[in-house]
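Participant: Return atomic coordinates for the entry below.
(one chain, ligands or ions: 1)
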Amino acid sequence: MSRALIAFCLGILLTSCPRVSENSGTPASSRQNNDALILATLYQYYSAEYKALCFQAWNSGENRIEAIRSERPMAKNLAVVVDIDETVLDNSPYQALLIQEGISYDSCWDTWCKLAVARPVPGSLDFLRRASELEFTIFYLSNRKEHLRDVTLQNLQNLGFPQANNQHLILREGKQNSKEERRRRLQEQYEIVLYAGDNLGDFFEDAGNYAVRDSLVIAKTQDFSDLYIVLPNAMYGNWPASLGIEGDKTPYDSLINLMTLPFHKTKP
Ligand SMILES: [Mg+2]
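Facilitator: Numbering: from 1, shown residues only. This is a model prediction of the structure:
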């Protein structure tokens with residue numbers, strides 16, 4: 001699907017979403033939150049560097065699974081587990097709509113998913129086709145809700161993602177955001193050789209505070225590219241919440257002041 005057709009679909013989407021403009025009273029917190037999204041969303045959609053990072057991630061993954069298959073040509077129960085949003089499906093046009101209309105993330109998410117027009121994240125399709133060729137079992141492990149199952153499969157199947165069927169799509173259970181229990185159940189049946197995602201929670205149990213999150217990553221330095229493939233996503237995820245980024249309550253000043261502390265300490 002072309003970018004023009006996605007834009008057309010976004011126009012249709014708007015007719016069924018609550019439209020809020022500045023003149024009709026968008027809350028200040030919503031506007032400020034969307035202001036913070038602009039650069040991240042433009043980067044995700046337009047920058048060549050974003051695409052290069054995606055190719056780098058998936059190329060690294062492909063090298064890894066080819067090495068594993070070469071070492072273990074007869075192994076039958078090997079699997080790769082990938083997240084969906086901002087890992088294999090690109091929702092940046094929806095993020096742009098949030099900015100344009102000053103609406104919250106939840107307000108039109110279901111409608112956007114039901115359009116089933118998200119494009120593939122660069123490199124994801126080639127990686128997963130190669131994984132399937134090499135006889136790895138693929139699981140799409142997402143926090144999308146069950147009522148979006150059919151439209152999610154439709155989007156993945158329309159794009160030609162391999163093994164995209166009910167058996168290989170694992171969605172959120174109740175209000176449980178953590179993927180740990182679902183990973184554990186998969187690990188009972190398969191040897192998971194690679195995880196791909198855009199959020200720490202796609203790999204292991206996430207933590208709230210940004211300093212703890214940093215230490216989790218540093219402790220697993222060797223696992224990145226060997227076991228975990230990370231896709232870039234500055235638009236959303238657990239990282240903003242870990243900094244307390246929340247509309248007009250975001251402590252921007254204290255975050256910036258902390259970063260410039262070394263400079264102020266060295267001033268005469
Ligand atoms: Mg994701």
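Participant: contacts, neighbours, all on C-alpha from now
Facilitator: Will do.
Participant: Looks to me like residue 194 is in a helix.
Facilitator: No: per DSSP: H, G, I helix; E, B strand; the rest coil, residue 194 lies outside any helix segment and is strand.
Participant: Report the residue spans of the chain with pLDDT below the cut-off.
Facilitator: 1-16, 18-35, 247-248, 266-268 (pLDDT under 70).
Participant: Once you drop chain neighbours, what's closest to the residue of the stretch 151-268 of the chain found nearest the ion?
Facilitator: Per C-alpha to the ion, residue 198 is where the stretch 151-268 of the chain lies closest to the ion, at 5.0 Å. In space, and not counting its chain neighbours, residue 198 is closest to residue 231: 4.7 Å by C-alpha to C-alpha, 6 or more residues apart in numbering.
Participant: distance of the one you found from residue 254?
Facilitator: To residue 254, residue 231 is 28 Å away according to C-alpha to C-alpha, to the nearest Å.
Participant: thinking again about what came up before, number of nearby residues for the residue nearest to residue 198?
Facilitator: 23 (other C-alpha atoms under 10 Å).
Participant: likewise the one 4 residues further on?
Facilitator: Residue neighbour count, defined by other C-alpha under 10 Å, stands at 20 for residue 235.
Participant: before we move on, what about residue 194?
Facilitator: 22.
Participant: got it, and the one 4 residues further on?
Facilitator: A count of neighbours around residue 198, defined by other C-alpha under 10 Å, yields 23.
Participant: same question, residue 176
Facilitator: Neighbour number of residue 176 under other C-alpha under 10 Å is 10.
Participant: just residue 106 next, same as before
Facilitator: 9.
Participant: tell me which element it is part of?
Facilitator: helix 105-115 (DSSP states H and E).
Participant: for residue 151, same thing?
Facilitator: Counting by DSSP H and E, residue 151 is found in helix 149-159.
Participant: do residue 144 as well
Facilitator: Per DSSP H and E, there is no helix or strand for residue 144.
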